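Novice: Sequence and predicted structure, then a few things I'm wondering about:
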Amino acid sequence: MAAGLVLHIDSNDTPFSYLDRASGRTVRQLTTYRGHSSHPYFTDPCWFNGGRSFVFTSDRDGSSNVYRYDIEDGVVRRLTDLTGVHQENERVFDYRPQPMYSAANDRAYYWWRNTLYELDVETGAERTVYSAPESVLLGIHAATSADGKYICTAVRDRVESDAPSLEYPYHKFPELMSARPRTAIIRIEVATGACETVHEEEQFITHVNHSPTLPNVLTFCHEGHWERVEQRIWGLDITTGTRWKIRDQSDRRYTVGHEYWFADGERIGYHGRPRSGAADEHVYGFARWDGSDVTEVTFPYHSNHFASADEKIIVGDGTPVRVGLDTPYIMLYTWDGERFAEPKVLAEHRCTFNHQHSHCHPRFTPDGRSILFVSDATGYAQLYLVEIGEIENLPGVDEVQKRLAR
């Protein structure tokens, strides 16, 4: 394979910096190639080389491949030589490889057409870890357990209709929720490829996420439109198969989701909204891995996704850019021990959220000093980096909207 190919920086992919019109911060556009580039889903590990490099997916020369980006010199290096179309799995219709980096193993992992690959991020050398039958559908996640020994993902039979239809993200979700496909969470041993089923039930399951510090613990979700899901977030012990609820939804008051692990690997953050559909009662919360010690506060602000290392400062992506009232900004929210302050605007993203690769999915750099995000404001999804600086000096949403409306 033609791995380790260096794509020399030229007029087609030249990083540049600009002053953001909303905040005045300097934003660095990392990719400019006329094809989609996106970092992994915000829950999936991507950083390595001391936080100076990350893996990402890019569409170049007619194919989607795994790449690495070296921030200091702006060099983009292709690590795989994939061609053709990936098998769609979680019905979000991305058809692209989704790399995830394992610090324990100093390797990246990704699925391609039902085969799990291990990838050396320095040389591009690959090893096949496991191959699943072509007849099944697998989850997209390929992160390892904290000790690097296992990769867990969801696997199910195909139950949805194969009738031709317009494919757009999530359009099969209602059908899959109603079908309640028999879904298993499998545990694959990285060293040998040995595979075992650790949990199985009749539910549409996705978002299998390992704790970054507890080797035997992961979370998964009952997938679908939040208002129709009875209990979204679950914990699972991959050695015993024991499962438990995280943020019990038995009272049916709130829908919750977009769960993610804090950096300590002990707590899970999430956000939610009233099941009734009321627009003014959003909540943000976090809980311990075993479902205990739930902290949940009213959160009168909105973002599609949130991410953070802990509860002290979280980043949100606001809303897609629309023609009406919107907040297409990267926003920061700080915690005072009891509540979150009103958001500060770090940058304008003007992202459409039309597809998985064009979701912002803002995420902190490992040192907590900058935010990496995606935007398709210029037509193609591209990668951007912006330093946080002094948060108190950033403008609020109302200030930005009044100024930009002039």
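Specialist: All right, it came through fine. Residues are numbered from 1 along each chain as shown.
Novice: what about the strands in the stretch 151-300 of the chain?
Specialist: 182-189, 195-202, 205-210, 217-222, 233-237, 243-245, 254-261, 267-274, 283-288, 295-298 (DSSP state E, counting those that start in this stretch).
Novice: For Thr115, find the nearest of these.
Specialist: strand 182-189 (11.3 Å; Cβ to Cβ). Where C-beta positions appear, they are placed from N, C-alpha and C, glycine not excepted.
Novice: how about a markdown table for the strands of the stretch 151-300 of the chain, with mean pLDDT, distance to Leu79 and mean neighbour count added?
Specialist: Listed next are these as a markdown table, based on pLDDT from 0 to 100; distance: least, Cβ to Cβ, whole Å; neighbours: other Cβ atoms under 10 Å:
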| stretch | mean pLDDT | distance to Leu79 | mean neighbour count |
| --- | --- | --- | --- |
| strand 182-189 | 97 | 21 | 20 |
| strand 195-202 | 98 | 25 | 15 |
| strand 205-210 | 96 | 22 | 24 |
| strand 217-222 | 98 | 26 | 24 |
| strand 233-237 | 99 | 31 | 21 |
| strand 243-245 | 99 | 35 | 14 |
| strand 254-261 | 96 | 25 | 22 |
| strand 267-274 | 96 | 30 | 21 |
| strand 283-288 | 97 | 34 | 21 |
| strand 295-298 | 95 | 40 | 14 |
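Novice: will you turn these into TSV that also has distance to Thr365?
Specialist: Below are the strands of the stretch 151-300 of the chain laid out as TSV (distance: least, Cβ to Cβ, whole Å):
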stretch	distance to Thr365
strand 182-189	29
strand 195-202	33
strand 205-210	20
strand 217-222	23
strand 233-237	26
strand 243-245	32
strand 254-261	16
strand 267-274	18
strand 283-288	21
strand 295-298	25
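Novice: Which among these is found nearest to Arg156?
Specialist: When the strands of the stretch 151-300 of the chain are ranked by proximity to Arg156 (Cβ to Cβ), strand 182-189 comes first, at 4.2 Å.
Novice: Return the list of helices and strands in contact with the closest one.
Specialist: strand 150-157, strand 195-202, strand 205-210 (3 or more Cβ pairs under 8 Å, 6 or more residues apart in numbering; DSSP states H and E).
Novice: And the contacts of that strand?
Specialist: 116, 129-130, 149-157, 194-205, 208, 218, 220, 236, 238 (Cβ atoms under 8 Å, 6 or more residues apart in numbering).
Novice: try 7 Å this time
Specialist: 116, 129-130, 149-157, 195-205, 208, 220, 236, 238 (Cβ atoms under 7 Å, 6 or more residues apart in numbering).
Novice: Nearest to Pro320, out of the strands of the stretch 151-300 of the chain?
Specialist: strand 254-261 (15.3 Å).
Novice: orientation of the closest one relative to strand 217-222 in degrees?
Specialist: Interaxial angle, strand 254-261 versus strand 217-222 (axes from the mean of the first three to the mean of the last three Cα atoms, to 10 degrees): 150 degrees.
Novice: just how off-centre is strand 254-261 within its chain?
Specialist: Its chain's C-alpha centre and that of strand 254-261 lie 13 Å apart, by Cα atoms, centre = their mean, to the nearest Å.
Novice: Same check on stretch 310-319?
Specialist: 14 Å.
Novice: which parts of that stretch are buried?
Specialist: 311, 313-319 (16 or more other Cβ atoms under 10 Å).
Novice: Now that stretch: average pLDDT?
Specialist: Across stretch 310-319, pLDDT averages out at 94.
Novice: gap between the two ends of it?
Specialist: 22 Å (Cα to Cα, to the nearest Å).
Novice: which residues are in contact with that stretch?
Specialist: So stretch 310-319 is contacted by 262-264, 286, 302-308, 326-335, 343, 349, 360, 362, 364, 371 (Cβ under 7 Å, 6+ apart).
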